[in-house]
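Peer 1: Structure, please.
(2 chains)
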Amino acid sequence: KKLGTFNAIMFPIFLVLFFGGIIYEIGVDFAKRLPPPASDMGVSIEKLIIITTIITVPVFVLVHIALFLYPFFYRHKEGQKAYFYSHNDRLEFIWTSIPAVVLAGIILFGFKTWTKVTGDPEKNAEYVECYAYQFGWDFRYPGADKKLGKTDFLKIDPAKNLFGLDYSDVGTHDDFKSQELHLCVGREFVLKMRSRDVTHGGYLPHFRTQIYANPGMDNSVKFVPLFTTKQMREKLDKPNFNYEFACNQLCGAAHYTMRRIIVVDTPEDYEKWKAAQKPIYDGSQKTALK
Amino acid sequence: MSASTIAAADTGHAHHKESFITKYVFSQDHKMIARQFLITGILMGFVGGLMSSFFRIQLGFPNADIGFLRPILGGWVDEYGKLDPGFYMSLVTIHGTIMVFFVLTAGLSGTFSNLLIPLQIGARDMAAPFVNMLSYWFFLMSSIIMFASIFISTGPAGAGWTIYPPLSALPKTMSGSGLGMTMWLISMALFIGSALMGALNYVATVLNMRTKGMYMTRMPLTIWAFTVTAILGILSFPVLFAAVILLIFDRSLGTSFYLSDIYTAVSEGVIHKGGSPVLFQHLFWFLGHPEVYIVLLPALGLTSEVMATQSRKPIFGYRAMIGSILAIGLLSFLVWGHHMFLTGMNPFLGSVFLVATLIIAVPSAVKTFNYLATLWRGNLKFTTAMLFSIGVVSLFTSGGLTGLFLGNAAIDIPLHNTYFVVAHFHIVMGAAAIFGMFAGVYHWFPKMFGKLMDEKLGTLHFWLTFAAVYCVFVPMHFIGLDGVPRRYYSFTDFEEFNQWIQLNKFISISAFVGMGAQFIFLYNFFNSMANGRKTTRNPWNSNTLEWTTPVKGIHGNWPGEIPTVYRWPYDYSRPDIELDYLPQTMSDEDIANKIDYASETYDPVLTDEKPIRGETKHSHEEVIMLQLIEQKKNKNKDS
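Peer 2: Numbering: from 1, shown residues only, chains lettered A, B, ... in the order given. Next comes the predicted model:
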């Protein structure tokens, strides 16, 4: 019987500690959260997250208040019986239809956001290939013709032909490589994920986007960057801040090491950077074609 | 066949001699098989928990010298005292595999479906006791192979419990994808065999072997949950089996079901073209999603039963609860793609899975509200089982709500494969489902072992575990929102992810406390088996049929005939009945005659219609056949 009273009191105490702990944790680590979304699609997703939070938090709070106070108020008392109440169909209807309506709203809003984010890119979007391997990323730019040249996985040679470029396609002749992912604000970028061994995941946490790089498949994400690296550094008051590119699908023992830096420039600086890059093809590869 | 032979069959096994081997080892008795599943599940759970302790040491204390673990981990700790990153991935993989399949599927369904189905529906045993026995032995073989894979030199499987190809198909890409992966596949093939044999038995028994008066709508919610779970298993496990077979082909026969444009295979002379890694993911998750409901539904069923019994109140909305179980079961087959939003499948598919996934929240919400209404104005007894049941509702709510974020495809884009996902599934599976299992163990321990577990230790076990679970997994939501990926050996390479050192320490310490709390349970469990207080026949004053069998379980369950059932299982605290419970075996006539069902000598069949007694020998199968015939006769008589 003592145990019964002990447990009856422990539940409300746990309730206070539980909610208190969560609020404390949010307070302490609030500064560590991701900065505001650095892409347009990230902003849409953030809106959806906030709406979902506003709906779910009250449910979480109210259910737990009931769940942890009932043990106290309805603890076993000798000589007393429970209230024999087996069902109430009207109540079932109410608490089925209200969640259904709320969820329908979430579904509609989520559906709209999803189709917007996964829709077709603009005609003049910039394409960059994010080429994954165990254990790193290389980025291939399409050069002046704005087209990524053809590749063939049988031509891949990490020393001589990293991307497996098919030089018989003229489109490959102006492609260039970069170790950093360079983007610019105000333009839509399409990142094409590619892999030469296992499935990797191209993940840009600050931009709130990612997609798998499956070997043999052509996956891509599209977004418009909103803040240059310099702007984000000022926003966060962190002069050493860099956008980071990570692998987010288990790809082997060194999965956690595949970091690359993302640099977001103004459009002018971005064009200057592109103009300064040398193409991979230097004419000599013609004779080395298999 | 004369009435006398049928009647004699119904009195149980009069002349069945049992040796030590047939009673304790190769037993065909569902109660013994249940105990075997439970013990094996607990042992595997300990192994899985140990794995998680090791990788939590790495995550919480990445700079620590763990050379002191060399006696256990051997060469997987290098000369600087650092854990091998590839082995870290194996720890994570085996942890997930063991916990999801071996503990929460076999250990949960295998134990309680076996124990409770025949007892609660009024049957002598399962429909196919020999196949039932095989289901345990396949499970044991599967467990031994999975356990053995941990000790091989190239390491156990390391591609995650989801073992996506090409990583799992190409041994050159990861050490664990060699022999370790092969052993994983063999172990899982056996496991699937075990699961199917069990599930077919459960469904056949529930549909065919209920006693007189046990209409489907008089079955306890445990049985409804186990039946739907079994149907989910029958329909989905074969698809994983197919996925495994195709993976074996890709690994060993040079096929390209899942592989295309693999540069690393070219050096071996194998050109893969035309396959798709996404195919594996579809096949895997077609099982994978129903699997998580196979894990959860039995826990919810056990919770319903414990909650009603210990609240001394009917479970609120019995029919709505049945409807929810059926809806969840059906919908669980339509949502598998929500694990694949980011794999590059057609976005239209993503929309379809988004809608189906969010719809499944509705029956889940209905169940939560019904649990709350059960507690409301009850007369709550806080047995340890009841504590864990209340914990289930809390965890199911918390984890289910974060599912609303992840199921909404666009929100999954930044959160997929982060710690947010890890937090979500651990709270619903690693906490809610395991709490349901604990509730079941504490509540039905007297039925399994004839003794009671210690309530003080149980209370301590509950509060420590409950606090630890929330301390471990709630912080992970924030870490995940910051974009920290899962399955990372360390976060030091990334400025954004490296901020969480303190919190990871806190999580690891909470995890060690939680793991330590399980030793209280282990001590309580094994000690009570030997030294626990002897139980009465119906220690919880419960209405269901299993508490009308003798304390020391007998082959065939009831010494005489199987009782007839006259009511549903939830007549608790009826205002017109003096006591606060009323067993299903009590007819209105029995009530009028003031039969004392609280006494140890209550005979549930005393006033049932009696067949004529006779004497003869029958095998298991004959007994069950005769019982089926008898029941058919009764049905024809009623209609």
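Peer 1: Kindly list the longest helix within chain B.
Peer 2: helix B:277-311 (DSSP state H).
Peer 1: same for it, what does it pack against?
Peer 2: helix B:111-121, helix B:221-252, helix B:318-331, helix B:361-375, helix B:384-407, helix B:434-449 (3 or more Cβ pairs under 8 Å, 6 or more residues apart in numbering or on different chains; DSSP states H and E). Placement of C-beta: from N, CA and C, glycine included.
Peer 1: Residue A:3: which of these is closest?
Peer 2: Among those, the nearest to residue A:3 by Cβ to Cβ is helix B:384-407 (9.2 Å).
Peer 1: ok, then the element right after that closest one?
Peer 2: Beyond helix B:384-407 on the C-terminal side, the first helix or strand identified by DSSP states H and E is helix B:409-415.
Peer 1: can you tell if that next one touches chain A?
Peer 2: Yes. With Cβ under 8 Å from any Cβ of the partner chain as the criterion, chain A is reached by helix B:409-415 at B:409, B:410, B:411, B:413, B:414.
Peer 1: following that helix, which helix or strand comes up?
Peer 2: Next along from helix B:409-415, by DSSP H and E: helix B:419-425.
Peer 1: roughly how far out does that next one sit from the chain middle?
Peer 2: How far helix B:419-425 lies from its chain's middle: 19 Å, per Cα atoms, centre = their mean, to the nearest Å.
Peer 1: Just the residues contacting it, thanks.
Peer 2: Helix B:419-425 is touched from outside by B:292, B:399, B:402-403, B:405-406, B:415, B:473-474, B:476-477, B:479-481, B:484-486, with contacts defined as Cβ atoms under 8 Å, 6 or more residues apart in numbering or on different chains.
Peer 1: Can I get the buried part of these as one ChimeraX selection?
Peer 2: One line in ChimeraX is enough to select the buried ones among the contacts of helix B:419-425; burial here means 16 or more other Cβ atoms under 10 Å in any protein chain shown:
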select /B:292,399,402,403,405,406,415,473,474,476,477,479,480,481,484,485,486
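Peer 1: ok, back up a step: and the helices and strands packed on helix B:277-311 as TSV, adding mean pLDDT and distance to residue B:515?
Peer 2: TSV is the format used below for those (pLDDT from 0 to 100; distance: least, Cβ to Cβ, whole Å):
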stretch	mean pLDDT	distance to residue B:515
helix B:111-121	97	21
helix B:221-252	97	28
helix B:318-331	96	31
helix B:361-375	96	28
helix B:384-407	97	17
helix B:434-449	97	13
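Peer 1: Can you tell me which of those helices is packed in deepest?
Peer 2: helix B:111-121 (a mean of 28; mean count of other Cβ atoms under 10 Å in any protein chain shown).
Peer 1: who are the neighbours in contact with residue 178?
Peer 2: No chain was given, so I picked chain A. A:138, A:139, A:140, A:141, A:277.
Peer 1: my bad, chain B
Peer 2: Residue B:178 touches B:154, B:155, B:171, counting by Cβ under 8 Å, 6+ apart.
Peer 1: Okay, now the unreliable bits of chain A?
Peer 2: A:286-290 (pLDDT under 70).
Peer 1: For the stretch 1-150 of chain A, which segments count as helices?
Peer 2: A:2-29, A:40-73, A:89-117 (DSSP state H, counting those that start in this stretch).
Peer 1: nearest to residue A:237, of the ones you listed?
Peer 2: Across those, residue A:237 has its closest neighbour in helix A:2-29 (17.9 Å, Cβ to Cβ).
Peer 1: Give the buried residues for that closest one.
Peer 2: A:3-4, A:7-8, A:10-11, A:14-15, A:18, A:21-22, A:25, A:29.
Peer 1: Please apply the same query to stretch B:66-74.
Peer 2: In stretch B:66-74, the ones that count as buried by 16+ other Cβ under 10 Å are B:66, B:73.
Peer 1: And it, end to end?
Peer 2: Separation of the first and last residues of stretch B:66-74 by Cα to Cα, to the nearest Å is 11 Å.
Peer 1: And chain B, split by domain according to the record?
Peer 2: Here the domain assignment for chain B is B:1-13+B:555-639, B:30-534, based on automatic domain parsing.
Peer 1: got those domains as a markdown table, with distance to residue A:79 columns?
Peer 2: As requested, the domains of chain B are arranged in a markdown table below (distance: least, Cβ to Cβ, whole Å):
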| stretch | distance to residue A:79 |
| --- | --- |
| domain B:1-13+B:555-639 | 10 |
| domain B:30-534 | 10 |
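Peer 1: about what we covered before: filter the contacts of residue B:178 to keep only those in contact with chain A.
Peer 2: Within the contacts of residue B:178, nothing lies near chain A by Cβ under 8 Å from any Cβ.
Peer 1: what about the helix or strand containing residue B:48 and chain A, touching?
Peer 2: Applying DSSP H and E as the criterion places residue B:48 in helix B:30-60. No. Judged by Cβ under 8 Å from any Cβ, helix B:30-60 makes no contact with chain A; its nearest approach is 11.0 Å.
Peer 1: I'd like the next helix or strand past that helix.
Peer 2: According to DSSP H and E, the helix or strand after helix B:30-60 is helix B:70-73.
Peer 1: list the helices and strands the helix or strand following that next one packs on?
Peer 2: Using DSSP H and E, the helix or strand that follows helix B:70-73 in sequence is helix B:85-97. Other helices and strands packing on helix B:85-97, by 3+ Cβ pairs under 8 Å, 6+ apart, are helix B:30-60, helix B:179-208.
Peer 1: still on that earlier bit, name the residues of the helix holding residue B:48 that are buried.
Peer 2: For helix B:30-60, by 16+ other Cβ under 10 Å, it's B:30-38, B:40-49, B:51-60.
Peer 1: Could you tell me how far it lies from the centre of the chain?
Peer 2: Averaging C-alpha positions (Cα atoms, centre = their mean) puts helix B:30-60 13 Å from its chain's average.
Peer 1: Could you check the angle that helix makes with helix B:434-449?
Peer 2: 150 degrees (axes from the mean of the first three to the mean of the last three Cα atoms, to 10 degrees).
Peer 1: so where's chain B shaky on pLDDT?
Peer 2: Low-confidence segments of chain B (pLDDT under 70): B:1-17, B:609-623, B:638-639.
Peer 1: rerun that using 80 as the cut-off
Peer 2: Low-confidence segments of chain B (pLDDT under 80): B:1-18, B:22-23, B:606-627, B:630-631, B:634, B:636-639.
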